[in-house]
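> Sequence unavailable; structure follows:
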């Protein structure tokens with residue numbers, strides 16, 4: 001299959017490129033930033049999805065487009081707290097207008113299949129952790145939330161894609177993503193425009209060092225913890241499926257409490273022979289999340305996700321085998 005990935009140099013896009021190339025697909029890549037991957041560089045088109053001239057340079061004969069392109073709070077150099085207008089403008093320009101340009105490219109070149117990475121923040125007003133959320137609920141955006149405009153822009157782009165799929169006979173699969181856990185190229189994200197170590201990587205680093213691990217917020221809060229391999233499994237399924245267009249939960253159905261998550265990291269990553277220690281930090285803010293029902297995904301897409309224990313084992317393997325501890329300058333016990 002000839003596949004074009006937008007946003008291919010981001011964490012999820014890069015992982016999907018490597019996987020699909022390894023499966024023998026003819027995969028091409030588009031992004032604003034230049035790839036470090038030599039194989040991707042051979043099939044790479046640099047450009048901005050808001051620049052309509054980009055699309056005239058892209059190949060014809062594409063069977064499927066996978067769209068990870070867009071901006072989110074964790075990669076923006078500004079935020080609603082530092083420059084509200086500039087933040088909103090980027091959400092609208094890139095997440096809506098840019099995605100419209102991609103869909104027009106699909107329509108003009110006869111792309112039959114379109115996969116879109118959308119956000120689970122379209123469900124934010126449902127978030128409780130008490131019951132698993134199915135794939136087909138109507139949007140429930142929290143308009144008073146921290147990232148309401150981000151959720152609005154992603155949900156709007158999803159709806160435009162649904163329209164294109166209906167009117168132009170294109171099979172559209174929207175992948176509703178919570179936070180995806182993987183070992184990134186860089187361990188930092190931007191918080192109000194300032195780099196900070198990703199919270200889950202901080203817990204892992206503290207565990208590797210034998211430090212006391214902090215359990216933030218409400219320790220019994222339940223949420224889905226989703227490994228990159230789960231996303232990749234659903235991408236594979238969507239590329240092969242004859243199912244009608246739909247939105248899919250990229251989840252596990254396993255409600256894991258904050259306390260269990262941190263304690264399991266301690267058990268997996270602490271130095272041999274050293275029992276991890278913990279401290280509760282209820283004053284530390286953690287955002288609500290949800291558990292996602294995956295019965296539909298299991299039945300119609302053969303989805304069988306990696307759960308928490310498997311996720312942590314895979315993260316541990318990737319950190320060690322990928323040489324990331326040395327690359328990031330982490331001098332840890334036994335590292």
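Everything's here; your move. This structure is a prediction, so every number in the text was calculated from the model and none was measured.
> what about residue 102, helix or strand, and which?
When secondary structure is defined using DSSP states H and E, the element that contains residue 102 is helix 99-109.
> Just the residues contacting that helix, thanks.
With contact meaning CB atoms under 8 Å, 6 or more residues apart in numbering, helix 99-109 is reached by 6, 49-50, 52, 54-55, 58, 60-62, 65, 67, 69-70, 111, 114, 116, 157, 160-161, 164, 168, 170. Bear in mind the C-beta positions are built from the backbone N, C-alpha and C, glycine included.
> Would you write a ChimeraX line that selects the buried entries of these?
Remark: buried members of the contacts of helix 99-109, expressed as a ChimeraX selection using 16 or more other CB atoms under 10 Å:
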select :6,49,50,54,55,58,62,65,67,69,70,111,114,116,157,160,161,164,168,170
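> Helices - which of the contacts of helix 99-109 land there?
Using DSSP state H, 157, 160, 161, 164 are the members of the contacts of helix 99-109 that sit in helices.
> shouldn't the first one be in contact with residue 117?
No - counting by CB atoms under 8 Å, residue 157 stays clear of residue 117, with 10.0 Å between them.
> Show me the common contact partners of those two, please.
Taking CB under 8 Å, 6+ apart as the contact rule, the neighbours common to residue 157 and residue 117 are residue 70.
> thinking again about what came up before, now, which of the ones in helices among the contacts of helix 99-109 sits nearest residue 235?
The shortest separation between residue 235 and any of those is 15.6 Å, and it belongs to residue 161 (by CB to CB).
> ok, residue 12 to residue 193 distance?
Residue 12 sits 22 Å away from residue 193, taking CB to CB, to the nearest Å as the criterion.
> residue ranges with poor pLDDT in the stretch 201-335 of the chain?
The stretch 201-335 of the chain contains residues with pLDDT under 70 at 331-335.
> Now do the strands in it.
Residue ranges of the strands in the stretch 201-335 of the chain, as given by DSSP state E, counting those that start in this stretch, are 213-216, 222-223, 226-227, 246-249, 256-257, 278-281.
> counting contacts, what elements does the fourth one pack onto?
Put plainly, it is strand 246-249. Based on contacts counted as 3 or more CB pairs under 8 Å, 6 or more residues apart in numbering; DSSP states H and E, the elements that strand 246-249 packs against are strand 171-177, helix 295-301.
> Quick check: which of the ones you listed is buried the most?
Ranked by mean neighbour count under mean count of other CB atoms under 10 Å, those are led by strand 171-177, which reaches a mean of 22.
> now that strand and helix 99-109, what's the angle there?
Angle of strand 171-177 versus helix 99-109, following axes from the mean of the first three to the mean of the last three CA atoms, to 10 degrees, is 150 degrees.
> if you average pLDDT over strand 171-177, what comes out?
With pLDDT averaged residue by residue, strand 171-177 scores 98.
> After that strand, which helix or strand is next?
Moving toward the C-terminus from strand 171-177, the first helix or strand encountered (DSSP H and E) is strand 180-181.
> Output the contacting helices and strands for that following strand.
With contacts defined as 3+ CB pairs under 8 Å, 6+ apart, the packing partners of strand 180-181 are strand 226-227, helix 228-240.
> TSV for those, including distance to residue 299 and mean neighbour count?
Conversion of these to TSV gives the following (distance: least, CB to CB, whole Å; neighbours: other CB atoms under 10 Å):
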stretch	distance to residue 299	mean neighbour count
strand 226-227	19	24
helix 228-240	12	20
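> Which of those sits closest to residue 186?
Across the helices and strands packed on strand 180-181, residue 186 has its closest neighbour in helix 228-240 (15.5 Å, CB to CB).
> Show me the contact partners of that closest one.
Contacts with helix 228-240, where a contact means CB under 8 Å, 6+ apart, come from 1, 3, 11-12, 15-16, 19-20, 23, 64, 66, 113, 115, 173, 175, 177, 180-182, 248, 250-252, 297, 301-306, 314.
> Could you rerun that using 7 Å?
Counting contacts by CB atoms under 7 Å, 6 or more residues apart in numbering, the residues outside helix 228-240 that touch it are 1, 12, 15-16, 19, 64, 66, 113, 115, 173, 175, 177, 180-182, 248, 250, 252, 297, 301-303, 305-306, 314.
> Those residues, buried ones only, as a PyMOL selection?
Buried members of these, identified by 16+ other CB under 10 Å, are gathered into one PyMOL selection as follows:
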select buried, resi 12+15+16+19+64+66+113+115+173+175+177+180+181+182+248+250+252+297+301+303+305+306+314
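> Which strand residues bridge the residue nearest the centre of the chain?
Central residue of the chain (CA atoms, centre = their mean): residue 180, 4.5 Å from the mean position. Residues found in beta-bridge contact with residue 180 (criterion: DSSP bridges) are residue 226.
> tally of neighbours for residue 275?
9 (other CB atoms under 10 Å).
> From residue 219, how far off is it?
Counting by CB to CB, the gap between residue 275 and residue 219 amounts to 19 Å.
> Equivalent analysis for residue 107, please.
49 Å.
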